[in-house]
Structures are given as structure tokens and as C-alpha cells.
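Colleague: No sequence on hand, only this structure:
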Ligand SMILES: Nc1ncnc2c1ncn2[C@@H]1O[C@H](COP(=O)(O)OP(=O)(O)OP(=O)(O)O)[C@@H](O)[C@H]1O
């Protein structure tokens, strides 16, 4: 079956039994308080951490049954604050995103260069092409690393707090890009802290103390009752242009 699916994930750390399915063409936002297990779940679904129990399925096959390159062609993961290659130019970094397609020996072809150019265009990073990655600001670097992930033209994209280093304009540019990429068929799972950003996704899943508290369309999930249980009694929710708008009272 198409999709990326976590089944009965227990451990490591906080996770206490999580079932979550990401479909192609959907943008699913993962919300939850600090320490609830969001990053851990993302890393488990990316195949970077092994759960104590449960399994992850990619396109109907266990994730562990894929080779690294084969998995990398289908699934890209962007950590929140991950390591980045030193001493490389931005364009070289984005080209690294093609590695799962190239393997160790194949030379880049037209298709590879096209994917790199596309990834840099949609993330607005062409202007940094010739710069050393290490000389960019945190937000600029984050966009380049997103370009690297997109250059693989994966079917599923896992993003850990992708808006953290971005200014307001770039935050919304990124959220609109996610919507657009999902419309083109990409399945996107993004950890987000801001419920108002999560409200833009197709679906929201809420994690609390390692368990899924709720999942569904933003209007069904982002309700005052649930959010006050997560973030305290001052949380208020109204509807703005048909979407939940969350703010703190007083
Ligand atoms: N390497 C580790 N060793 C021990 N405990 C860990 C490790 N990594 C994470 N944890 C614990 O697992 C729990 C969940 O962590 P995780 O990073 O998944 O939470 P999160 O929901 O992403 O939090 P945040 O919103 O703060 O980023 C936390 O209590 C954390 O301390």
C-alpha cells in the first residue's frame, strides 16, 4: 500500500505505542509539547532509530528491508539542527541530494542537474549557489538543506521544525511551498510548534507523552479543549477565514 506508516511504535525513549500513516499527496503536521516524542517519532519513521517494538512500512514494505540508496530515493529527512557539511559550496551541497540516485559511481546526468536546479528554484536558494554553506545565516542554511532534501525528488519528506530559523516571510513561503509540493503528490510530515502553522496542513496529529492524543483535519483537532489540555488554560481558539486561529488570552 502506498504511504509511510508507523505501526505500534514503542520506544525508543518517550514513544508508548504510536500508529501514524502519511499518505502520498498529504501534508500532515505533528504537534505536541516539548519532550512528547515528535523528533523521536520522525527519526523512527526515517529509519534512523529502531523502535523497541512496532515497525515502519514504506510503500507496503518494511522500512528495514530497503537499502540506503533505495530508501533515500523515496524518503528524505531534514533534522531540526542537524550537522551540515563543512567546506562545501551551496550548489555542491544541494547536488549531494542526488546521491541516492547516483550511487557511488554514476556521473550526474541531465535529470540530476534538472532536479538540483528545480530544488534551488523552489527554495529560493539559487542566489547562494557559489557561497560556502558555512557562511550562510541559520535561515538561509535551513533553506539550502531543504533544497538538498528536495533534490532527491523523494515521495515522502519528513521535516523537523522546518520554520524555526526562518523569518516571518520565509516561514510562510515555506508553508505555502509545502502545500504546493503536497499538491504535486509529495507526502509531507512536519513537526511544527505553532498551531497556527499546523492549521495550514491537511491533517494534524497531536502527540502527548509519547501517545497520539488526536489526529484529523485542523478544524477537528485544533480545538480549545484539546489545546488547553496541552498548553494550559489561557489558550483560545477562534475561526479566521474558516481556519482555527490559536492565541493566548491575557
Ligand atoms: N538520546 C536520548 N537519550 C535519552 N533520552 C532521550 C534521547 N533523545 C530523546 N530523549 C528523550 O525522549 C523524550 C522525547 O524527546 P523528543 O526529542 O522526541 O521530543 P520532542 O517532542 O521532539 O521535543 P521538542 O519539542 O523539545 O523538540 C524527551 O524526554 C527526551 O529527553
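Modeller: Right, received. Where do you want to start? Keep in mind it's a predicted model, so treat the numbers as computed, not measured. Residues are numbered from 1 along each chain as shown.
Colleague: alpha carbons only for contacts and neighbour counts from here, please
Modeller: Noted.
Colleague: how would you label the most centrally placed residue in the chain: helix, strand or coil?
Modeller: Centroid-nearest residue in the chain, with CA atoms, centre = their mean: residue 159, separated by 1.9 Å. Classification of residue 159 by DSSP: H, G, I helix; E, B strand; the rest coil places it in strand.
Colleague: ok, it to residue 234 distance?
Modeller: 29 Å (CA to CA, to the nearest Å).
Colleague: cool, residue 52 as well?
Modeller: 37 Å.
Colleague: Show me what the longest helix seen in the chain is packed up against.
Modeller: Criterion DSSP state H: the longest helix present in the chain is helix 168-183. In this structure, helix 168-183 makes packing contacts with strand 27-31, judged by 3 or more CA pairs under 8 Å, 6 or more residues apart in numbering; DSSP states H and E.
Colleague: The very next helix or strand once past the strand it packs on packs against which elements?
Modeller: Beyond strand 27-31 on the C-terminal side, the first helix or strand identified by DSSP states H and E is helix 38-45. Secondary-structure packing of helix 38-45 (3+ CA pairs under 8 Å, 6+ apart): strand 4-10, strand 156-160.
Colleague: Okay, now the sheet partners of the last one, with direction.
Modeller: Spelled out, that is strand 156-160. strand 75-78 (parallel), strand 187-191 (parallel) (DSSP bridges).
Colleague: which of the residues in the last one are buried?
Modeller: Translated: strand 187-191. For strand 187-191, the neighbour count (16 or more other CA atoms under 10 Å) marks 187-191 as buried.
Colleague: Can you tell me which residues in this structure are near the ligand?
Modeller: 13-14, 33-40 (CA under 6 Å from any ligand atom).
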